[in-house]
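Trainee: Sequence plus the predicted model coming up.
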Protein chains: 2
Amino acid sequence: MKPTEGRRRVVIEEVQPSVDGGRYAAKRVIGDVVEVTAAIFGDGHDHVAGRLLYRHESDKEWCEARFEPLTNDLWQARFPVDRIGAWSFTIEAWVDHFDTWSHDLVKRLDAQPDPKEPTAQVLPQDIPLALRIGANLLEAAAERAEKTDAADAKRLTEAAAQLRHLADAKLPYYDSPMTLELESLVAKYPDMSFATRLDRELPLWVDRERARFSAWYELFPRSCSPVPGEHGTFRDVEARLPQIAAMGFDIVYLPPIHPIGVQYRKGKNNSVIAEPGDVGSPWAIGSAEGGHTSIHQQLGTMQDFEHLVKATQTHGMEIALDIAFQCSPDHPWVKQHPTWFTIRPDGSIQYAENPPKKYQDIYPLNFESKDWRGLWDALYGVFKFWVDHGVRVFRVDNPHTKALPFWEWCIAEMRKTHPEVIFLAEAFTRPHVMYSLAKAGYTQGYTYFTWRQTKSELQEYFEEICNPPVSDFFRPNVWPNTPDILHAQLQEPDPVKRRAVFQLRAVLAATLSANWGIYGPAFELCEWRPAKPAAGKTGSEEYLDSEKYQIREWNRSAPDSIAPLLTKLNRIRRENRALERNEHLVFHDAPNPQLLCYSKATADKSNVVLVVVNLDPANEQTAWLDLKLDALGLPWQGSFMVEDLVTGATYTWKNQWNYVALRQWEMPAHVFRVVRP
Amino acid sequence: MKPTEGRRRVVIEEVQPSVDGGRYAAKRVIGDVVEVTAAIFGDGHDHVAGRLLYRHESDKEWCEARFEPLTNDLWQARFPVDRIGAWSFTIEAWVDHFDTWSHDLVKRLDAQPDPKEPTAQVLPQDIPLALRIGANLLEAAAERAEKTDAADAKRLTEAAAQLRHLADAKLPYYDSPMTLELESLVAKYPDMSFATRLDRELPLWVDRERARFSAWYELFPRSCSPVPGEHGTFRDVEARLPQIAAMGFDIVYLPPIHPIGVQYRKGKNNSVIAEPGDVGSPWAIGSAEGGHTSIHQQLGTMQDFEHLVKATQTHGMEIALDIAFQCSPDHPWVKQHPTWFTIRPDGSIQYAENPPKKYQDIYPLNFESKDWRGLWDALYGVFKFWVDHGVRVFRVDNPHTKALPFWEWCIAEMRKTHPEVIFLAEAFTRPHVMYSLAKAGYTQGYTYFTWRQTKSELQEYFEEICNPPVSDFFRPNVWPNTPDILHAQLQEPDPVKRRAVFQLRAVLAATLSANWGIYGPAFELCEWRPAKPAAGKTGSEEYLDSEKYQIREWNRSAPDSIAPLLTKLNRIRRENRALERNEHLVFHDAPNPQLLCYSKATADKSNVVLVVVNLDPANEQTAWLDLKLDALGLPWQGSFMVEDLVTGATYTWKNQWNYVALRQWEMPAHVFRVVRP
């Protein structure tokens, strides 16, 4: 069967950004200029043109941007996103007969014989005929202009008349009648009769800036009391805020703050039997006191919480809540909504297990419940409850064990009223599942960073996540430690090596990724003792005396704290716009497998940061770096200066090969700002 | 808004083969086993399963194939395509609760304490409870089975009863009640209540085998007369068929056979003035005698043509016609359908031009004609006319100057009644346009092979076109020469170097690509003289005394003809199934920039061909090849034999490094069969 209109000769393909062909939204942040590329072409030699149509969800009309050619039939158009929320764009493209004609005319005029030496190469009637064709095209444009702009129509009609006049004159030699002004006037009124329109509108989600650039500090409120052994409160957390803000973090993230279950409560060091007085795991959520919308009484009241939220804001920071959708056997939902759980043949509720391991303190929710609609509403209600109490950032625990369609709905639902809410997915699972959570709407995601240790592991992984297609939907948030993950590399008894490892992992996290976080004070105090002594691949990644199960006292003023380095790193991040984004990450060759070298730059290369990290905590490492000077905004030859933003030292370097030596007992990394000559 | 069914927890992504997300059909040939891969996964730890649904356009019901897991959430299913025509496939996937349960049961059973040494690690009630859950799952499967197979339903019900019986028995130690038979029985009746179905059906086009594997011989019937100076006829072509068949070609391709225009007829060597008796270009189609459905009288009658078509078939070959959609000023359509052309303001019809060059013997068709429907019907009618006269293969001239939507419709229209028709696109243009013609339906396409000369150019280009995504829609047909293209490299006055160049290009074409062709006898006779003496990048690629404009006499029995090599190459192609396809092309390292080394193998590696080509026609070249032994189906260590299928020589080689020396004055290539020890 023939199409309705067979004269749409232009093809539009390979549109970017596009996540799974437009099934999911690509992500950007406010202030970004979105670069849309597409292959646009038709048959034959006719010129084509295209325009981008884009709008924010609140706009009734499309805005337009013109496509400009790159190479090989690829075109680019750009538009700024000045509001957060849902945007969409599509493309129209058409054969541009006027542009084709105008280029042909130039060739005809250029081929005219010198009037003093007439030849037969160009027949004299050719140019007048071409001028008449041009006049027809201009008149058609004038007709289209008339609907919107009478003055433009008049100018086009006059230009047409002028071409006809020239054609009638039958001159022996013609100068070009075209002007840039006339060309852009005609371009305002293209002939769209046979324009091709992309068969879909591509979605784009625009977040606020902190979605892309943030520094998280996780702490357990239970350990914040200044009185040894006492349970910390929200008030105690408030007292800690100035120090956290001084270190340069902007999100203070709290493990679950809800009532903790009593049945099967875990004791210290994950013991299956809790001693009297054991505080239990905050992730065993729910007791007679309430569930996901209640506050653990030992932390304070709802008023205390709201006070903390506001106090955090006064320090330029935000509170992030940990939302873990699972229930202790004491959670009110267990009695109110037993159908939200899996019931076993003996009538009991199925607890979490990985046979033969049992987690009887945890009831997972059943996303195949008959009442899935009720369950979804309740879970969404949890987020909404805390949003109504001032929270705008959520770290979601194990989102990959909840149905993906739920997340897609829940996040979209929240964004209808609160597009500013940030969701961080705490998923450590297979790549497809990690990425699907991001596609479903998660603003940021945890990563494999903790387990990427060698130079090649780090380089390959960050090249994957910092470039399209992944970077269009997945925003990494990298953590050198979490309460669940004390990597074997950090379980270092030797104090010099330990300090080097913690420092180098902090530098990597803070500079490779625009979003990073630490679990403190365990991190800045270089807490290294694992739950089980045998470190390594088969060892435990659990902390000894983990705060997950008990209150800890931390000596925050310990002299070997690396808080000063963290403070510097966060200051460097704020003062160097190159570190605000991941797109311009470039790895440089260093012929030493223990030295990782990379740079980030702003698009205009006005700010360039070059980082060299010694991945070996045991030895000094040196290398002649082989720098990609263009990535640094430097010419191919000449001197330049690099300033170490950590130590303040400056070096004068020259050309592409430059020497570095990193002594792990001093500082395992250089974080250079590149100063152009 | 919530989805209608929120419990569809499985995601299906990254489905292959898929051309532009299913917008166009992927291509296969009859007898292929189509391998469909997809990422299939859900949340949590539940196992998933999937099935492929596929059908030929003539099938009413879907056929099914089960997906098997690869790694990292990727799955694969396969199905044979046993008929030509349109096929489609889609995917269903679901959480497989029985499989999850069954794996968990194994873990529970494995964790049972030795009955002689009872411990508290596994509580005894766990396994009976698990068995009851399994019984429920089996009963649900039995219920589903009842609709189609009462015997299966009975067996499932019995198995459920057995599990309940075991559960009731409360044994101190349980052996596994599962059997492979039971597992595959349950797998026949999956619970599809919450199955996810891919949101589209992906199209697949299945051609006959010659679409993938063919050897083309182009000749000008006008030069086939045995009488010097006389115009050749279809009868003369018939007389040539035995020789062409003996060389091993299977498609005999004729330039346009239609009446040739008189107005502005081109003379010898493309002269703008034709002398009396000049035969003109066959691509200036149409005269008072007729147009695209008529035969140039000097070639013979329609009966002669039909006789030639049949005679060609008796030699196991087919005739391919050249269809060039353009008209001479004398074509009947010019008067009958002036609206199919572009009319200039002075009432004249626009001829082809690239200012200041004019091609006044050619009128292009206007695909923006008001009567585009009439034009499309007429063009389709041309193909249909020749199909009705026995032709099944078309080489289409400059398809990239005709509207792409036309091709998509025209080829689909033909395939409704004649799915066996092969269309070869003669497009030498930008990559996107070349590929769009293939997506629109072209069976094969000309390539950039002629201009890929160096080792890296050849390797990069063939890696692009022989691998997905390109290989799923674009089938290369490579030509060392055409009547339009005598590449500078072939314009070699020195007879030894010339012979080497022609030979090496023949070996490359015949072994790199499953489809290849030559323009003969110019090629086998190593015709090298260009129209303009200045060869090189700025020189002409036109032949001197081109057959496009005159009758040529060829000394087919010249002693330096390379027909014997072409004969050998075509025989090697037929005797080695590895050369029938492009998918398994692998390049091997040869540390010499003039030696190109590659292999092709059947999927089971029962046939492996290894080719080494000396790209330097002026010098002997040697190298120690670094072979990828796994690609050759060889173990990492040991001896094997390679047999040169051109010379018959055999060599015993060992391990990965082996020495070759290619003397261009002997034979510039080895075409080895690898003989496993």
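Mentor: Everything's here; your move.
Trainee: C-alpha only now, for contacts and for neighbours.
Mentor: Fine.
Trainee: what does the stretch 1-150 of chain A put close to chain B?
Mentor: A:1-2, A:6-9, A:21, A:39, A:41-45, A:72-73, A:104, A:107-108, A:111, A:122, A:129, A:132-133 (CA under 8 Å from any CA of the partner chain).
Trainee: Low-confidence ranges, the stretch 401-550 of chain A, go.
Mentor: By pLDDT under 70, the low-scoring segments of the stretch 401-550 of chain A are A:534-538.
Trainee: Quick one, which of the residues of the stretch 1-150 of chain A next to chain B are buried?
Mentor: Neighbour-count burial (16 or more other CA atoms under 10 Å in any protein chain shown) is assigned, among the residues of the stretch 1-150 of chain A next to chain B, to A:6-9, A:21, A:39, A:41-44, A:73, A:104, A:108, A:122, A:129, A:132-133.
Trainee: Where do the domain boundaries of chain A fall?
Mentor: Chain A breaks down into these domains under automatic domain parsing: A:11-94+A:198-206, A:97-187, A:216-327+A:372-576, A:586-675.
Trainee: ok, of those, where does mean pLDDT dip lowest?
Mentor: Lowest mean pLDDT within those: domain A:97-187, a mean of 90.
Trainee: now the longest strand that chain A contains, how far from the chain's geometric center?
Mentor: In chain A, taking DSSP state E as the definition, the longest strand is strand A:85-95. Relative to its chain's centre, strand A:85-95 lies at 22 Å (CA atoms, centre = their mean, to the nearest Å).
Trainee: May I see the buried residues of the next helix or strand after that strand?
Mentor: Sequence order places helix A:97-110 as the next helix or strand after strand A:85-95, per DSSP states H and E. Neighbour counts over helix A:97-110 (16+ other CA under 10 Å) mark A:97, A:98, A:99, A:101, A:102, A:104, A:105, A:108, A:109 as buried.
Trainee: Out of those residues, which comes closest to residue B:212?
Mentor: residue A:97 (38.8 Å; CA to CA).
Trainee: Tell me how far that closest one lies from chain B.
Mentor: 11 Å (CA to the nearest CA, to the nearest Å).
Trainee: OK, contacts around that residue?
Mentor: Residue A:97 is in contact with A:46, A:47, A:137, counting by CA atoms under 8 Å, 6 or more residues apart in numbering or on different chains.
Trainee: so residue A:264 sits right up against residue A:275, yeah?
Mentor: No. Here residue A:264 lies out of contact with residue A:275, judged by CA atoms under 8 Å, at a distance of 11.2 Å.
Trainee: These two: which has the busier surroundings?
Mentor: residue A:264 (18 against 13; other CA atoms under 10 Å in any protein chain shown).
Trainee: do you know how far the spatially closest residue to that one that is not a sequence neighbour is from residue B:43?
Mentor: In space, residue A:264 comes closest to residue A:361 once its chain neighbours are excluded; the distance is 4.9 Å by CA to CA, 6 or more residues apart in numbering or on different chains. Distance, residue A:361 to residue B:43, by CA to CA, to the nearest Å: 21 Å.
Trainee: likewise residue A:224?
Mentor: In terms of CA to CA, residue A:224 sits 35 Å off from residue B:43.
Trainee: can you check residue A:261 too?
Mentor: 25 Å.
Trainee: From the opening residue of stretch A:548-555 to its closing one, how far?
Mentor: Start-to-end, stretch A:548-555 (CA to CA) is 18 Å.
Trainee: Tell me which stretches of the stretch 551-677 of chain A form helices.
Mentor: Listed in chain order, the helices of the stretch 551-677 of chain A (DSSP state H, counting those that start in this stretch) span A:563-575.
Trainee: before we move on, the earlier item: CSV please, covering the domains of chain A and showing distance to residue B:587.
Mentor: Putting the domains of chain A into CSV (distance: least, CA to CA, whole Å) gives the following:
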stretch, distance to residue B:587
domain A:11-94+A:198-206, 27
domain A:97-187, 43
domain A:216-327+A:372-576, 25
domain A:586-675, 27
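Trainee: List the contacts of the residue positioned nearest the centre of chain A.
Mentor: Chain A has residue A:475 as the residue nearest its centroid, 3.2 Å off, counting by CA atoms, centre = their mean. Each residue near residue A:475 by CA under 8 Å, 6+ apart is listed here: A:212, A:438, A:443, A:444, A:445, A:465, A:515.
Trainee: Contacts only, for the residue in the stretch 1-150 of chain A positioned nearest to chain B.
Mentor: In the stretch 1-150 of chain A, the residue that lies nearest chain B is residue A:44 (3.9 Å; CA to the nearest CA). Counting by CA under 8 Å, 6+ apart, residue A:44 touches B:400, B:401, B:402.
Trainee: quick one: the last one from residue B:379, how far?
Mentor: In this structure, residue B:402 and residue B:379 are separated by 11 Å, where distance is defined by CA to CA.
Trainee: Repeat that for the first one.
Mentor: When distance is defined by CA to CA, residue B:400 is 15 Å away from residue B:379.
Trainee: neighbour count winner among the two?
Mentor: Neighbour count, other CA under 10 Å: between residue B:400 and residue B:379, residue B:400 has more, with 23 against 17.
Trainee: What does the residue in the stretch 451-600 of chain A that chain B sits nearest to show for phi and psi?
Mentor: Scanning the stretch 451-600 of chain A for the residue nearest chain B gives residue A:469, at 12.8 Å (criterion: CA to the nearest CA). Dihedral pair for residue A:469: phi -80, psi -20, per degrees, to the nearest 10.
Trainee: ok, and the closest non-adjacent residue to it?
Mentor: Residue A:469's closest residue in space is residue A:19 (CA to CA, 6+ apart), at 7.3 Å.
Trainee: where does that neighbour sit relative to residue B:8, distance-wise?
Mentor: 21 Å.
Trainee: and the residue nearest to residue A:264, how many residues sit next to it?
Mentor: 24.
Trainee: all strands of the stretch 501-650 of chain A, in order?
Mentor: A:515-519, A:586-588, A:595-601, A:608-614, A:621-626, A:639-644, A:650-654 (DSSP state E, counting those that start in this stretch).
Trainee: could you redo those as TSV and give each row mean neighbour count?
Mentor: Listed next are the strands of the stretch 501-650 of chain A as TSV, based on neighbours: other CA atoms under 10 Å in any protein chain shown:
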stretch	mean neighbour count
strand A:515-519	24
strand A:586-588	20
strand A:595-601	25
strand A:608-614	25
strand A:621-626	18
strand A:639-644	18
strand A:650-654	13
